[in-house]
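> starting from these lines, generate the structure:
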Amino acid sequence: QVQLVESGGGLAQAGGSLRLSCALSGGTFSNYAMGWFRQAPGKEREVVAAITQSGGRTYYADSMKGRFTISRANARNTVYLQMNSLKPDDTAVYYCAAREGVIGTIYSTRRAYDLWGQGTQVTVSS
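Alright, predicted model coming up:
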């Protein structure tokens, strides 16, 4: 059974940084395209970033461009989200997601993913 476990959330001050990690177990990590999503209270879950199986292509939602970086270490079965210049509006539960798919394809929608982690809380204070 494939499982995703996020870590690295917590409290940060505005302008600060956090790095989230998501480890995949029970499957061949390099077969999975990965994504990060977030959900703030009362809002829909939205895409943050996505990455292809090899890490050769990435995607970012407009509000994250230049501040967040998605990367992966296939040897460690782990995808990362480096978050810099954090803002209070970044406060949300962050989820990683995975799916097997066409090699080299970016999946940037919630419905494209069939595997989800439990989420990790990120709180940014002003």
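> quick one: residues contacting the residue nearest the centre of the chain.
In the chain, the residue lying closest to the centroid (C-alpha atoms, centre = their mean) is residue 36, at 2.2 Å. Contacts for residue 36 (C-beta atoms under 8 Å, 6 or more residues apart in numbering) come out as 20, 22, 47-50, 70, 79, 81, 94-97. (C-beta placed from N, C-alpha, C; glycine too.)
> what is the end-to-end distance of stretch 78-87?
25 Å (C-alpha to C-alpha, to the nearest Å).
> same deal with stretch 58-78?
15 Å.
> how about stretch 60-78?
First-to-last residue span, stretch 60-78, C-alpha to C-alpha: 18 Å.
> all strands for the protein, in order.
Using DSSP state E, the strands of the chain run over 3-7, 10-13, 18-25, 32-39, 46-51, 58-60, 68-73, 78-83, 92-100, 115-116, 120-125.
> now those strands in CSV, with distance to residue 107?
CSV is the format used below for the strands of the chain (distance: least, C-beta to C-beta, whole Å):
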stretch, distance to residue 107
strand 3-7, 15
strand 10-13, 27
strand 18-25, 15
strand 32-39, 5
strand 46-51, 6
strand 58-60, 8
strand 68-73, 12
strand 78-83, 13
strand 92-100, 6
strand 115-116, 12
strand 120-125, 21
